[in-house]
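>>> sharing a model that was predicted from the sequence below.
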Amino acid sequence: MKSRLKIVMIASECEPYAKSGGLADVVGSLPVALQELGHEVIVILPKYAEIDSIRFSLQPFLSPLGVWMGNTEEWCSVHTTSKHGVAVYFIESDKYFARWGYYHDADMNDYLDNARRFGFFTRAALQLCRDIGFRPDIVHVHDWQTALGAAYLKIWHWNDPLLGRARSVLTIHNIAHQGVYDRADFEYLGLQWGNFTTEKFEDHGKINMLKGGIYYADMVNTVSPSYANETRTPVGGNGLAPYLNAKGERYLGILNGADYHVWNPETDPLIPAHFSRTDLSGKAVCKRELQKRFLLDVQPDVPVIGVVSRLAAQKGLDLLAASIEDAVKNMLVQFVVLGSGEKGLAHYFGTLPARYPGRIGSYIGYNVELSHLIEAGADFFLMPSLFEPCGLNQMYSLRYGTLPIVRATGGLDDTVQQYDEKKGTGTGFKFIQPTASALYFTVGWAVSTYYDRKDHLAQMIQQAMSQDYSWDHSARQYEHLYFRSIAD
Ligand code: ADP
Ligand code: GLC
């Protein structure tokens, strides 16, 4: 019989408590899926100022919790709640988390004490396991924010009766963010100068938290097979390819799942009408509502292309900015853009509707309800990412019969099947070159399919809606990874 694992998931985001991107979706869903497979999972998060204790029924759990950082003992307190039976703990520290946002200030400047903030948080999480007598088989950490967990296990806890036998798994959600900070914090982080080497933490005289985590983790994975391959190359690896390659088979890609409890057009409480593969009539209602909400001309037969995205260079929205005006001038098509992030892009997309009334709608900000309405009401969903470790929205789009138009990179390439014009098969439209003209022509290809090959479009919608990217499959792959790390 398969044994039941004890897993602690330490992360900087988790839906619904704290979310800036897909990391939160993953940390929100994977523990529940693992628990459904019979494992015991706890999740530990920072208690950011904006987490609403009342809304999420947070209970005081432990205070004070002492955490050694370098030569200083820091104090914090712990709150708890539960999500579908998974215990979730929050580390509260006024010094580090009673401030705006998660990683940067309102002007998008990184907090200068981020290494200390997340180093402290990660150590506090391990300390919490000890204080509550939780003896994990697996310590699962995510991205640079908690990568040090893998190092702490090996440096400090190898002989610890509670943590000593735990194996570490580091998931990289985005290699563009590595947590590179001033070496002055190294001692505070408790990492010992002997480890400040190129092989481990040192990166051009600074500390690279992700790199150190890669070195120490028993297993490292990223969030799609294609992105795993891309990051093994000098361009895709952002300087870390040699270290990932050094892991050999201990580095691999596991595709994220989509949470179909949340993203299901048959039950979604955030959309005006429900629909399914066999009855798409509700989708037309959603489209009408979407056109109204974004002040577009209410035309059921004009295709709507939706975008929901962080406004960041990674997402390729510069390419869209360089082609969207030509698209609305030359094609009978509408666009809706929902996003927040970089100021230049926010200003550009925020002011477009006034220049193209009825044709382009936008909302600059973070809005979950609108994100669901766009997935449900649009005909196509555009993700022109320059790189995309996995991407979740294209998977949601498939389920909502909203055909993705994507650049063939990372997880987008792995989850969207190219339209075959001869057979009428496929689940979306892909382009390879990261250029505005490639995007423009692919949008044109989708739009012409909408008008001229309606039977193909209908067939593609059926194919898209029957794809299965549920967490169940991904969770089994993580389970396998955990067992492998224990067997080695
Ligand atoms: P990333 O993590 O790189 O931002 P993903 O596609 O993995 O990309 O995940 C993005 C998640 O964030 C999705 O759940 C998406 O719906 C959500 N999201 C992004 N921007 C917004 C926004 N402005 N409003 C609401 N949800 C958003
Ligand atoms: C990152 C990536 C995104 C991925 C998400 C969750 O934010 O940019 O592609 O889907 O993490 O793994």
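It's in. Ligands and ions are numbered 1, 2, ... in the order given.
>>> and the residue lying closest to residue 117 once chain neighbours are set aside, what is it in contact with?
Nearest non-adjacent residue to residue 117, counting by CB to CB, 6 or more residues apart in numbering: residue 96, 4.3 Å away. Every residue, glycine included, has its C-beta placed from N, CA and C. With contact set as CB atoms under 8 Å, 6 or more residues apart in numbering, residue 96 has these partners: 46, 113, 116-117, 120-121.
>>> just the buried ones from those?
Buried members of the contacts of residue 96, counted by 16 or more other CB atoms under 10 Å: 46, 113, 116-117, 120-121.
>>> just name the closest of those residues to ligand 1, please.
residue 46 (17.8 Å; CB to the nearest ligand atom).
>>> so what pLDDT did the closest one get?
At residue 46, the pLDDT value in this model is 98.
>>> looking at the contacts of residue 96, which are in strands?
Mapping those onto strands (DSSP state E) picks out residue 46.
>>> export the contacts of residue 96 as JSON lines, with columns for distance to ligand 2.
Shown next, in JSON lines, are the contacts of residue 96 (distance: CB to the nearest ligand atom, whole Å):
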{"residue": "46", "distance to ligand 2": "17"}
{"residue": "113", "distance to ligand 2": "23"}
{"residue": "116", "distance to ligand 2": "23"}
{"residue": "117", "distance to ligand 2": "19"}
{"residue": "120", "distance to ligand 2": "23"}
{"residue": "121", "distance to ligand 2": "19"}
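>>> quick check: the residue of the stretch 1-150 of the chain nearest ligand 1.
For the stretch 1-150 of the chain, CB to the nearest ligand atom, closest residue to ligand 1: residue 22, 2.1 Å.
>>> my bad, should have said the stretch 51-200 of the chain
For the stretch 51-200 of the chain, CB to the nearest ligand atom, closest residue to ligand 1: residue 174, 6.4 Å.
>>> ok, of the contacts of residue 96, which one's closest to residue 455?
residue 46 (51.5 Å; CB to CB).
>>> how far away is the closest residue to the residue of the stretch 1-150 of the chain closest to ligand 1 other than its chain neighbours from ligand 1?
Distance criterion CB to CB, 6+ apart; nearest residue to residue 22, sequence neighbours excluded, is residue 392 at 4.8 Å. Distance of residue 392 to ligand 1, computed by CB to the nearest ligand atom, to the nearest Å: 4 Å.
>>> ok, now residue 325?
22 Å.
>>> coming back round to it: surely the residue nearest to residue 22 and residue 260 touch.
No. Between residue 392 and residue 260 there is no contact under CB atoms under 8 Å: 11.9 Å.
>>> picking that back up, buried ones in the helix or strand hosting the residue nearest to residue 117?
Residue 96 belongs to helix 94-97 when assigned by DSSP states H and E. For helix 94-97, the neighbour count (16+ other CB under 10 Å) marks 96-97 as buried.
>>> can you show me the CA trace of that helix as CSV?
Output of helix 94-97 as CSV, limited to C-alpha atoms (Å, rounded to 0.1, in the frame of the first residue of the first chain):
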residue,chain,number,x,y,z
ASP,A,94,5.0,43.7,11.9
LYS,A,95,8.6,44.4,11.0
TYR,A,96,8.4,42.5,7.7
PHE,A,97,4.8,42.2,6.6
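>>> give me the residue from the protein nearest ligand 2.
residue 22 (2.8 Å).
>>> can you give me phi and psi for that residue?
The phi/psi pair for residue 22 (degrees, to the nearest 10) reads phi -60, psi -30.
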